[in-house]
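1. Everything below, folded, please.
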Amino acid sequence: MTETSGTASEADDYGQFPLRGYLEMDVGPGEAGHARATLQVGAQHLNPNGVVHGAVLFAMVDTAMGSATMSMLPEGQHCASVDVQLRFIRPASAGDLVADVEVLKRGRAVAHLEGRVVDGEGRLVATAAGTFAVITV
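-> The predicted model follows:
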């Protein structure tokens, strides 16, 4: 795996977009190649059945994966989702949700990642696998 860290400010600022604000999702990189997205479940996160909408879980995982990938890229490179798969394990309807992701392998053109979403009691809510393209601008 090539380990090149992006600048701290790039990683800290990654993912500032309106949907993130609407979802009230916090995202932050950990060590290089890792990131975490968190949110406290509110009414805006629920589907008509009263459980967290799958798109909310997807947004958490996709955003954390982007942050984890960006934490490994040098200045002048960005990333974009190519493929993200999410497997729903159990519904969540209240409390905190945490999506932890890590880069498994970062190549020149793509990064492969995996992640897990857990609820506030540590119960597995979803698992994820993703591939992100590395883009030089």
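2. From here on, just use CA atoms for contacts and neighbour counts.
-> Fine.
3. For whatever helix or strand Val103 lives in, buried residues please.
-> Assessed by DSSP states H and E, Val103 sits inside strand 96-106. For strand 96-106, the buried set under the neighbour-count rule, 16 or more other CA atoms under 10 Å, comprises 96-104, 106.
4. quick one: buried residues of the longest helix anywhere in the chain?
-> The helix that spans the most residues within the chain, counting by DSSP state H, is helix 54-70. Neighbour counts over helix 54-70 (16+ other CA under 10 Å) mark 54, 56-70 as buried.
5. if we can go back for a sec, any chance of the buried residues of strand 96-106 in a markdown table, plus pLDDT?
-> Below are the buried residues of strand 96-106 laid out as a markdown table (pLDDT from 0 to 100):
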| residue | pLDDT |
| --- | --- |
| Asp96 | 97 |
| Leu97 | 98 |
| Val98 | 98 |
| Ala99 | 98 |
| Asp100 | 98 |
| Val101 | 98 |
| Glu102 | 98 |
| Val103 | 98 |
| Leu104 | 98 |
| Arg106 | 96 |
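6. Export those to a markdown table and append columns for distance to Ala129.
-> Converted to a markdown table, these look like this (distance: CA to CA, whole Å):
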| residue | distance to Ala129 |
| --- | --- |
| Asp96 | 22 |
| Leu97 | 18 |
| Val98 | 16 |
| Ala99 | 12 |
| Asp100 | 12 |
| Val101 | 9 |
| Glu102 | 10 |
| Val103 | 10 |
| Leu104 | 10 |
| Arg106 | 14 |
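7. ok, for Gly66, nearest residue in space, not its chain neighbours?
-> Nearest non-adjacent residue to Gly66, counting by CA to CA, 6 or more residues apart in numbering: Cys79, 6.7 Å away.
8. For Met25, state which of the buried residues of helix 54-70 is nearest.
-> When the buried residues of helix 54-70 are ranked by distance to Met25 (CA to CA), Met60 comes first, at 7.5 Å.
9. ok, and what's touching the longest helix of the chain?
-> Helix 54-70 is contacted from outside by 6, 10-11, 14-15, 23, 25, 27-30, 32-38, 45, 78-81, 84, 86, 88, 99-103, 111, 113, 115, 117, 126, 128, 130, 132, using CA atoms under 8 Å, 6 or more residues apart in numbering.
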